[in-house]
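Asker: One predicted model, sequence on top.
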Amino acid sequence: MLFIHHTEISGGKIVLIDVKGGLDSGTSPDFEGYIDRLMERGKFFIIIDAQNLAYVSSEGIGVMLYIQKKISAENGFFIACCLSQEIMTLFRLLGFERVMTLTFTRDEAVQTMEKQLEMRGLHESDAQAKKPVKKTAPEAPRPAAADQDAVHREAESPAHPATGETDGEEVEFDNPIIVECTECKGLVRVKRSGGYQCPYCTTLFTVERDQTVIF
């Protein structure tokens, strides 16, 4: 179970979200839905305080990455702070520091976010947070909000002639994994081993039984 609540500071421009519990396949859809509702209200400068986040599964990691991409697409900014030593180590090993801002303390996160607001000209005197201008650079297609089966688009049917399974049998994973396409950077959900085609750009890839991804 995941408990979520938020407060707003800097005239409502910065949203501080406190989470308590675990972020996994069962709670990730609720977590993303919560962020989506904030973004629908024009909130694109979001800090996740993970001090009470007990654990993050592979599904939770995928959702964090997906949220980061959605916020960046709106020219917003996303920070995760107060991660446990275990989760921080995992994120660093996965290279999250290259795509996501991580801070050790809440105060550091707020200071970093306020600098971002200042750089973008969103001053404290503004009555309400302005919705930042969308990037003009082409973005990879993103899953439709109506797709309730998952927060990521499903990889399409198997079609990888070079690296398919040796005996033709697929293995169902205990938890779906999130695969980032090497071509379009789209995020797709994969539930079992086998050959697949990216639903965004049709790039072919294979997921092995040990969850190794081959493009």
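Answerer: That came through, no problem. Numbers count the residues shown, from 1 in each chain.

Asker: avg pLDDT for the longest helix along the chain?
Answerer: Scanning the chain for the helix with the most residues, using DSSP state H, yields helix 58-73. Averaged over helix 58-73, pLDDT sits at 89.

Asker: How about stretch 37-53?
Answerer: Computed over stretch 37-53, the average pLDDT equals 94.

Asker: So which other helices or strands are in contact with the next helix or strand after the longest helix of the chain?
Answerer: Reading on from helix 58-73 to the C-terminus, the next helix or strand found by DSSP states H and E is strand 77-81. Applying 3 or more C-beta pairs under 8 Å, 6 or more residues apart in numbering; DSSP states H and E, we find strand 77-81 packed against strand 45-56, helix 58-73, strand 101-103, helix 106-119. No exception for glycine: its C-beta is placed from N, CA and C like everyone else's.

Asker: Now render these as CSV, adding mean neighbour count and distance to Ile178.
Answerer: Converted to CSV, the helices and strands packed on strand 77-81 look like this (neighbours: other C-beta atoms under 10 Å; distance: least, C-beta to C-beta, whole Å):
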stretch, mean neighbour count, distance to Ile178
strand 45-56, 20, 12
helix 58-73, 21, 3
strand 101-103, 18, 19
helix 106-119, 16, 24
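
Asker: Show me the one of these that comes nearest Leu16.
Answerer: strand 45-56 (5.1 Å; C-beta to C-beta).

Asker: Pull up the pairing partners for the closest one, direction included.
Answerer: Each strand that pairs with strand 45-56, with its direction, by DSSP bridges: strand 14-23 (parallel), strand 77-81 (parallel).

Asker: List the buried residues in the stretch of helix or strand Phe173 belongs to.
Answerer: Taking DSSP H and E as the criterion, Phe173 maps to strand 172-180. Residues of strand 172-180 classed as buried: 176-180 (neighbour count, 16 or more other C-beta atoms under 10 Å).

Asker: Pull the CA coordinates from that strand and hand them back as CSV.
Answerer: Presented in CSV, the C-alpha positions along strand 172-180 are these (Å, rounded to 0.1, in the frame of the first residue of the first chain):
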residue,chain,number,x,y,z
GLU,A,172,5.8,-15.1,-17.9
PHE,A,173,7.5,-12.7,-15.5
ASP,A,174,6.3,-12.3,-11.9
ASN,A,175,6.2,-8.5,-12.5
PRO,A,176,6.2,-6.7,-15.9
ILE,A,177,9.4,-4.9,-16.8
ILE,A,178,9.7,-1.5,-18.4
VAL,A,179,11.9,-1.4,-21.5
GLU,A,180,13.2,1.9,-23.0
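
Asker: Now do that strand: which elements does it pack against?
Answerer: Using 3+ C-beta pairs under 8 Å, 6+ apart: strand 172-180 touches helix 58-73, strand 187-192, strand 204-207.

Asker: Mean confidence (pLDDT) on stretch 121-133, please.
Answerer: Rounded mean pLDDT across stretch 121-133 is 50.

Asker: do stretch 13-28 as well
Answerer: On average, stretch 13-28 scores 93.
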